[in-house]
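*Asks:* Mind looking at a prediction? Sequence and model below.
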Amino acid sequence: MSAANEKQSPRLMNFLIVDDQDNMRRSIRAMLKLINYGKELFEAPNGREAWKFLTTNEAKKIDFVIADYAMPFMKGTELLSRIRSHNKLRDIPFLMITAEANKEVVAEAAEHDVDAYLTKPFVTASLEHKIDELLSKAHNPDALTQHLRLARDLEEKGDIPAAIEEAKQASAANPRSSRPFRELGRLMLKTNDMPKALKCFLKAIEINRLDVTSYHYLGQIFYRQGEIDKAVGYFGQAMDISPRHSDRAIKFARLLAKKGNSMEVEKVLRLILKNNETDADVQDEIAELAMDQGLFALAVKCYKSILKDQSDNLLINKKLGMALQKSGTYNEAVLHLEKAASKYGEDLDLLLSLAQTFLAMDMLVRADKWASIAHRLFPDNREAKRILDKCL
């Protein structure tokens, strides 16, 4: 909010209600009207649409956001992260609505500086109280908040030493908060002072065992120092707190892969899988990296898990068949490969996998069939020619 709008009454504010459930948006709208809050009330069905509204409707300035935590396309925490990173929007009061205030929600709220959250179901009085409480804090920020805001502004101006001093004052203002130490650690990394950064992040997780961002920074620091086991341990703790951070862990696994640390890659991938057993997209990413590292059994496990809910997904059938072939499970491999061939009949990798599998099973007629198709479509392919020669 701009300084001119900071102390305006909630009755004069524009509210944005973000929830994928129509009835929930209507309910919140009705509650706000009942207490006469909101000059104008706007709605968005998910974070993606809310972000589009916030960044393309400058004439409709939003003074307060009420957003659900779990939504398709873009969750409430991602919307909050974008708002906090936007120079003009970052100080908008943000109230998160959650179905359950579990440790993952609490950790994400802390990471993205959510102002407050409210658990479902709630009544009008609860909503009114939370809005009033949140605005009171926004209008009268405590010393910690003031110092951290100054640190942020100084950092953006390039004055890192002054930003560090403000972050130190923030930690002195509230030694029980992990956030100043997390910010100090991040600023110390900008000055390449690894020992002090490490000390700050360790202090942050000592204060708050759910400070997931600090665990990730610790993982990165120990990785840079070559202490791979410690790095894996901290990434694992971060994922235990908030499985959403699998994207960071996968990036870490890719770094390990570049270093040729296959055993450590497998440890990280299995940690990610443990925390994302129902996320098909994450499982697909794990499987692809596993295939690159020769971890075929892990890839098979991931693809089979995906197929439980997507049995007709021919691309996953193809990938599973190729993983099974690499692992030497030929009879099962051909079932999935031939199923995939109904759609991917001109895919060279698929054709060669079928030919190679039947050749390994000593079924030369069928190996010849698929190698012949591959040779006809790709006459210069040496592997297809090699298999045809073997079938003579």
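*Replies:* Thanks, I have the structure now. Residues are numbered from 1 along each chain as shown.

*Asks:* CA atoms for contacts and neighbours, from now on please.
*Replies:* OK.

*Asks:* Which parts of the stretch 201-350 of the chain are strands?
*Replies:* Along the stretch 201-350 of the chain, counting by DSSP state E, counting those that start in this stretch, no stretch forms strands.

*Asks:* how is this structure carved up into domains?
*Replies:* Following the assignment in automatic domain parsing, the chain carries domains at 10-139, 141-208, 222-295.

*Asks:* In TSV, list the ones you listed along with distance to residue 351, mean neighbour count and mean pLDDT.
*Replies:* Compiled in TSV, the domains of the chain are given as follows (distance: least, C-alpha to C-alpha, whole Å; neighbours: other C-alpha atoms under 10 Å; pLDDT from 0 to 100):
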stretch	distance to residue 351	mean neighbour count	mean pLDDT
domain 10-139	36	17	86
domain 141-208	50	19	94
domain 222-295	18	18	84
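
*Asks:* any chance of these in JSON lines, plus distance to residue 376?
*Replies:* Listed next are the domains of the chain as JSON lines, based on distance: least, C-alpha to C-alpha, whole Å:
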{"stretch": "domain 10-139", "distance to residue 376": "43"}
{"stretch": "domain 141-208", "distance to residue 376": "57"}
{"stretch": "domain 222-295", "distance to residue 376": "28"}
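
*Asks:* Figure out which of these is closest to residue 374.
*Replies:* domain 222-295 (22.7 Å; C-alpha to C-alpha).

*Asks:* Give me the distance between residue 216 and residue 204.
*Replies:* Here the criterion is C-alpha to C-alpha, to the nearest Å. By it, residue 216 lies 12 Å from residue 204.

*Asks:* any idea how far residue 257 is from residue 151?
*Replies:* 37 Å.

*Asks:* tell me which element residue 117 is part of?
*Replies:* strand 116-119 (DSSP states H and E).

*Asks:* Sheet partners, orientation included, of that strand?
*Replies:* strand 94-98 (parallel) (DSSP bridges).

*Asks:* Can you give the distance from the strand it pairs with to the centre of its chain?
*Replies:* The chain centre lies 19 Å from the centre of strand 94-98; the measure is C-alpha atoms, centre = their mean, to the nearest Å.

*Asks:* Same check on stretch 158-177?
*Replies:* 28 Å.

*Asks:* what comes into contact with it?
*Replies:* Stretch 158-177 is touched from outside by 143-148, 150-155, 180-181, 183-184, 187-188, 190-191, 204, 207-208, with contacts defined as C-alpha atoms under 8 Å, 6 or more residues apart in numbering.

*Asks:* Which of these fall within helices?
*Replies:* Cross-referencing the contacts of stretch 158-177 against helices under DSSP state H gives 143-148, 150-155, 180-181, 183-184, 187-188, 190, 204, 207.

*Asks:* now the angle from the helix or strand following the strand holding residue 117 to strand 94-98?
*Replies:* Counting by DSSP H and E, the next helix or strand C-terminal to strand 116-119 is helix 124-139. Going by axes from the mean of the first three to the mean of the last three C-alpha atoms, to 10 degrees, helix 124-139 is angled at 140 degrees with respect to strand 94-98.

*Asks:* Alpha carbons of helix 124-139, as CSV, please.
*Replies:* C-alpha atoms of helix 124-139 as CSV (Å, rounded to 0.1, in the frame of the first residue of the first chain):
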residue,chain,number,x,y,z
THR,A,124,-18.1,-13.4,10.0
ALA,A,125,-16.9,-12.3,13.4
SER,A,126,-13.7,-14.3,13.0
LEU,A,127,-13.0,-12.8,9.5
GLU,A,128,-13.7,-9.3,10.9
HIS,A,129,-11.3,-9.8,13.8
LYS,A,130,-8.5,-11.2,11.6
ILE,A,131,-8.8,-8.3,9.1
ASP,A,132,-8.8,-5.7,11.9
GLU,A,133,-5.8,-7.4,13.6
LEU,A,134,-3.9,-7.6,10.3
LEU,A,135,-4.5,-3.9,9.4
SER,A,136,-3.6,-2.8,12.9
LYS,A,137,-0.2,-4.5,12.4
ALA,A,138,0.2,-3.0,9.0
HIS,A,139,-0.6,0.5,10.3
